[in-house]
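Engineer: Here's my sequence, what's the structure:
(2 chains)
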Number of protein chains: 2
Amino acid sequence: MTPAELEAALRAVGAARYHDKHAFHRLLHAGELSRGQVQAWALNRYVYQAHIPIKDAALVARCPDRDLRRAWRSRLADHDGDDKREGGIARWLRMTAALGLDEAEVTSMRAALPGTLFAVEAYVRFVSERTLLEAVASSLTELFAPKIIAERVEGMLANYDFVDKEALAYFTPRLTEAPQDSAFALDYCQRHADTPEKQRQVIGALEFKCGVLWSMLDALQAAYVAPGVIPPGAFVPAP
Amino acid sequence: MTPAELEAALRAVGAARYHDKHAFHRLLHAGELSRGQVQAWALNRYVYQAHIPIKDAALVARCPDRDLRRAWRSRLADHDGDDKREGGIARWLRMTAALGLDEAEVTSMRAALPGTLFAVEAYVRFVSERTLLEAVASSLTELFAPKIIAERVEGMLANYDFVDKEALAYFTPRLTEAPQDSAFALDYCQRHADTPEKQRQVIGALEFKCGVLWSMLDALQAAYVAPGVIPPGAFVPAP
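Structural biologist: The predicted structure is shown next:
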């Protein structure tokens, strides 16, 4: 494949498998969830958010290329913050607070679904253990993030009276960060996937990552929508 | 031990085991090495420098504490650089260039001594696998860095006509970075080593790290001073 063909193949993976196609996301954006179900989504998704800088540091820790380390380090700042910016994790906690969740319960991650924890753990392990190229490629779901973020913010603001713009502040910086990051990662993959095998690995890494995000929504759907059986120990919305 | 007693115990480890006591360092600072021997030191020490951001990212990657991750991230910037600063690795390469070494040979690390590679690998593994407290504590050799740097810069400038201030530019920022970093790490260890067992772990981690630095000089001493038998494949100074 040429670099352009590889990009097209990657975009086809997103078109087929990105979690904007998941039933739970359609419910979330369409305003068809209760406040408790939205809380469950935000609490579980926190586990993912909290592990993003950990998986990004894992990538930096195995990267012999100083330029790649430098570029990738900006993702740590985006999520952990720095002296000037609070960072994505703190912004996510502002959303969970606005939704009425206790911060200690959220950050303990004890009430998260097993399916959430396993998916996030699999993602961190993938980035730590697969080839560096696959680790980079697994971030490429960000290619599809701006569209889902736009839908989510618009849908949630329009459809839930318990959600306001301030609660969704997490997403605003992501609209500029994600495209920068995904452009960098796509270019890296196009330059380094110089054999059919490596191109298959890049596509496989994106498929894997779509599976991570998808399975997190499967777990939410099963526990909180249908059949709606909450696993013992997991978050129970107030009646 | 009180926090002050723990600090005293740690400083005693440094007084006994830090590599400023090693015969090779005395030779280096006293001007008793040839240009080739100084080259061998700089080329081998590059392996250590090149792995510092990797071990620091490994620490960040296993750290659930956002504040600690943020603080520790500054070490990545110190060594890998950012948009404004070239970083410690690039400065080290300016020194190896000033000493007449080929950059590709240095960065390939192929001519480094096995003892160097094993010691650095052991350090990265230690930070990746021991407790987070031990990983932090293993950085505490920086408590003793300003003294050795001052001796080194003064001694090398006075005693070698092939070394100038520009070649030693690596060390100047370290005189401010190392004390900030070691003050943070010492405070962290004093706050978190709240049992005798953890205090023993902290001391053991510093002993381990002193052993890493010491063994690197043992390898240099054996290969390039006495008996002076260079292992096959390792750097051979020009005659």
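Engineer: C-alpha from now on. contacts and neighbour counts both.
Structural biologist: Fine.
Engineer: A:Val13 and B:Pro237, how far apart?
Structural biologist: 54 Å (CA to CA, to the nearest Å).
Engineer: cool, A:Arg11 as well?
Structural biologist: Counting by CA to CA, the gap from A:Arg11 to B:Pro237 is 53 Å.
Engineer: ok, these two, which is more surrounded?
Structural biologist: Taking neighbours as other CA atoms under 10 Å in any protein chain shown, A:Arg11 and B:Pro237 compare with A:Arg11 leading, 19 against 15.
Engineer: quick one: which helix or strand includes that one?
Structural biologist: helix A:3-17 (DSSP states H and E).
Engineer: For that helix, give me every contacting residue.
Structural biologist: Helix A:3-17 has contacts (CA atoms under 8 Å, 6 or more residues apart in numbering or on different chains) with A:141, A:144, A:186, A:190-191, A:199, A:203, A:206-207, A:210-211, A:214.
Engineer: switch to 7 Å and redo it
Structural biologist: A:144, A:190, A:203, A:207, A:210 (CA atoms under 7 Å, 6 or more residues apart in numbering or on different chains).
Engineer: The residues you listed in helices, which ones?
Structural biologist: Cross-referencing the contacts of helix A:3-17 against helices under DSSP state H gives A:190, A:203, A:207, A:210.
Engineer: Identify the residues contacting the third one.
Structural biologist: Spelled out, it's A:Glu207. A:Glu207 neighbours (CA under 7 Å, 6+ apart): A:Val13.
Engineer: Need the pLDDT of it.
Structural biologist: For A:Glu207, the pLDDT comes out at 96.
Engineer: Check the spacing between it and A:Ala185 real quick.
Structural biologist: According to CA to CA, A:Glu207 and A:Ala185 sit 15 Å apart.
Engineer: and chain A, which residues reach chain B?
Structural biologist: A:54-55, A:57-58, A:60-62, A:66, A:70, A:80, A:82 (CA under 7 Å from any CA of the partner chain).
Engineer: follow-up on the earlier one: export the helix holding A:Arg11 as PDB, just CAs?
Structural biologist: Provided in PDB are the C-alpha atoms of helix A:3-17 (Å, rounded to 0.1, in the frame of the first residue of the first chain):
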ATOM      1  CA  PRO A   3       0.900   5.900   2.400                       C
ATOM      2  CA  ALA A   4      -2.400   7.300   1.000                       C
ATOM      3  CA  GLU A   5      -3.800   3.700   0.700                       C
ATOM      4  CA  LEU A   6      -2.700   2.900   4.200                       C
ATOM      5  CA  GLU A   7      -4.500   6.000   5.500                       C
ATOM      6  CA  ALA A   8      -7.600   5.000   3.500                       C
ATOM      7  CA  ALA A   9      -7.500   1.500   5.000                       C
ATOM      8  CA  LEU A  10      -7.100   3.000   8.500                       C
ATOM      9  CA  ARG A  11     -10.100   5.300   7.900                       C
ATOM     10  CA  ALA A  12     -12.100   2.300   6.800                       C
ATOM     11  CA  VAL A  13     -11.400   0.600  10.100                       C
ATOM     12  CA  GLY A  14     -12.700   3.600  11.900                       C
ATOM     13  CA  ALA A  15     -15.800   3.800   9.700                       C
ATOM     14  CA  ALA A  16     -16.600   0.200  10.600                       C
ATOM     15  CA  ARG A  17     -15.500  -0.200  14.100                       C
END
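Engineer: helix or strand right after it?
Structural biologist: helix A:23-30.
Engineer: contacting residues around that next one?
Structural biologist: Looking at what lies outside helix A:23-30 - CA under 7 Å, 6+ apart - the contacts are A:33, A:151-152, A:155-156, A:159, A:217, A:221.
Engineer: So which of these is the closest to A:Thr116?
Structural biologist: A:Leu217 (8.4 Å; CA to CA).
Engineer: Retrieve the pLDDT associated with the closest one.
Structural biologist: In this model, A:Leu217 is scored at 95, pLDDT.
Engineer: three-state assignment of it?
Structural biologist: helix (DSSP: H, G, I helix; E, B strand; the rest coil).
Engineer: distance of the residue nearest to it when sequence neighbours are not counted from chain B?
Structural biologist: Distance criterion CA to CA, 6 or more residues apart in numbering or on different chains; nearest residue to A:Leu217, sequence neighbours excluded, is A:Phe24 at 6.2 Å. A:Phe24 sits 29 Å away from chain B, going by CA to the nearest CA, to the nearest Å.
Engineer: ok, now how distant is A:Phe24 from A:Ile230?
Structural biologist: Per CA to CA, A:Phe24 is found 16 Å from A:Ile230.
Engineer: Neighbour count: the two, which is higher?
Structural biologist: A:Phe24 (24 against 17).
Engineer: Would you list the buried entries among the ones in helices among the contacts of helix A:3-17?
Structural biologist: Buried residues within the ones in helices among the contacts of helix A:3-17, counting neighbours by 16 or more other CA atoms under 10 Å in any protein chain shown: A:190, A:203, A:207, A:210.
Engineer: tell me which of those residues is nearest to chain B?
Structural biologist: Nearest to chain B among those, counting by CA to the nearest CA, is A:Cys210 at 22.2 Å.
Engineer: tell me the pLDDT at the closest residue to the closest one other than its chain neighbours?
Structural biologist: Distance criterion CA to CA, 6+ apart; nearest residue to A:Cys210, sequence neighbours excluded, is A:Tyr18 at 5.4 Å. For A:Tyr18, the pLDDT comes out at 96.
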